[in-house]
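Asks: output the structure for:
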Amino acid sequence: MKPRDAWKNGRFPFFLQAMSGPTIAVVLLAALLHATWNALVKAGPDKLLSTVVVTSGAGLLAVPLLPFAGMPAPASWPWLAASAVCQVVYYRLLALAYRHGDMSQAYPLMRGTAPLLVVLASGPLLGEVPSAGQGVAIALICGGVLAMTLGGGASRRSSAYALANAVCIAAYTLVDGIGVRASGAPAAYTLWLFVLTALGMLPGVAGTGRGLAAYARRYWRTGLAGGCGTMASYGLALWAMTRAPVAMVAALRETSILFATLIALYVLRERVSGRRIAAAGLIACGAVAMRLAR
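Replies: The predicted structure follows:
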């Protein structure tokens, strides 16, 4: 059945009407890959070293592609450096959140709260007042966050690290939004970001006695799979944004929250209560509404 016929038969949600079936499939795959590489980090015995091998894997995969992508414009370099710093902080907080709590708790808080922070920051920074639709989205996200953090079995430390990481995600989202436009070469900007992030992660563990070399030898497959996952997830999302409205792609990509919850439940075997599933659903709905609200 053609996508256009699917709309007539009511098979697709109304907000995806500007996206073709293949584009929807690509965005869902990107969301699944993002949740999957997070699960690889969570499953590792040492969360920090797992993030290092994943970022190193992404950096190694990016290096051979650099000659074909060119160089980003000099005007984007300060933004690229700032984003790399934000990314290093992001990965460190990610490791801490997964060290002290479940993925089914931390992931929705990190990914779902970030769009909320971007909208709230745009008020004082850009003078933009949230619309009625964004107000509904804010209420959904806040309700989900409260249910997630106040529910039984929730780790306060994991919640704190996850919410702090949401600030980092919002920060690099704003930084990259400026930097990639100034670069004149989005692919080159993205590849250099992976390389710089990988380099930035290494000094924090080198010489600490954590055995990075031995860990990398043992879990190199995790590093390559995770690195490929994070690069493919981002690349597929960028491709989809050339085929469909950015807001709709970003909204559909928030299904990664639901994928992460399912992976935590059925693959990582976490004990996911009904309250936590409902909270993750509220956050996901709020994140989708935030992306679509005008």
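Asks: from here on, just use CA atoms for contacts and neighbour counts.
Replies: Noted.
Asks: got the contact list for Leu262?
Replies: By C-alpha atoms under 8 Å, 6 or more residues apart in numbering, no residues touch Leu262.
Asks: the chain should start at 136 in everything you say after this.
Replies: Okay, residue one is now 136; in that scheme the one you just asked about reads as Leu397.
Asks: secondary structure element for it?
Replies: Per DSSP states H and E: Leu397 is located in helix 391-401.
Asks: quick one: name whatever helix or strand follows that helix.
Replies: Sequence order places helix 409-427 as the next helix or strand after helix 391-401, per DSSP H and E.
Asks: for that next one, name the packing helices and strands.
Replies: helix 238-261, helix 267-285, helix 381-388, helix 391-401 (3 or more C-alpha pairs under 8 Å, 6 or more residues apart in numbering; DSSP states H and E).
Asks: list the contacts of Val407.
Replies: 239, 399-400.
Asks: most neighbours among the residues you listed, which one?
Replies: Neighbour counts for the contacts of Val407, by other C-alpha atoms under 10 Å, peak at Ser239, which reaches 28 neighbours.
Asks: okay but that residue is in contact with Leu393, surely?
Replies: No. If you go by C-alpha atoms under 8 Å, Ser239 and Leu393 don't touch, sitting 9.1 Å apart.
Asks: so what sits against both of the two?
Replies: Ala415.
Asks: tell me where the stretch 236-385 of the chain is predicted with low confidence.
Replies: Across the stretch 236-385 of the chain, the ranges flagged by pLDDT under 70 are 257-265, 285-289, 341-345, 381-382.
Asks: tally of neighbours for the closest residue to Gly278 other than its chain neighbours?
Replies: The shortest distance from Gly278 to any non-neighbouring residue, by C-alpha to C-alpha, 6 or more residues apart in numbering, is to Leu417 (7.1 Å). Neighbour count for Leu417, taken as other C-alpha under 10 Å: 24.
Asks: tell me who's in contact with Leu417.
Replies: 275-276, 278-279.
Asks: and the pLDDT at it?
Replies: Confidence at Leu417, expressed as pLDDT, is 85.
Asks: rewinding a little: can you flag the buried ones in the contacts of Leu417?
Replies: Burial by neighbour count, judged by 16 or more other C-alpha atoms under 10 Å, picks out 275-276, 279 from the contacts of Leu417.
Asks: so how far is the biggest helix by length in the chain from its chain's centroid?
Replies: What stands out as the longest helix in the chain, according to DSSP state H, is helix 291-318. Taking C-alpha atoms, centre = their mean, to the nearest Å, one finds the center of helix 291-318 at 9 Å from the center of the full chain.
Asks: put the alpha carbons of the following helix or strand past that helix into CSV.
Replies: As assigned by DSSP H and E, the chain's next helix or strand after helix 291-318 is helix 321-336. In CSV, the C-alpha atoms belonging to helix 321-336 read as follows (Å, rounded to 0.1, in the frame of the first residue of the first chain):
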residue,chain,number,x,y,z
PRO,A,321,27.1,19.4,8.1
ALA,A,322,28.7,16.0,7.4
ALA,A,323,32.2,17.3,8.1
TYR,A,324,31.0,19.1,11.3
THR,A,325,29.4,15.9,12.5
LEU,A,326,32.4,13.7,11.8
TRP,A,327,34.8,16.1,13.5
LEU,A,328,32.5,16.2,16.5
PHE,A,329,32.7,12.4,16.9
VAL,A,330,36.5,12.6,16.6
LEU,A,331,36.9,15.4,19.1
THR,A,332,34.5,13.8,21.5
ALA,A,333,36.5,10.5,21.4
LEU,A,334,39.8,12.4,22.0
GLY,A,335,38.2,14.4,24.9
MET,A,336,37.0,11.2,26.6
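Asks: done for today, thanks.
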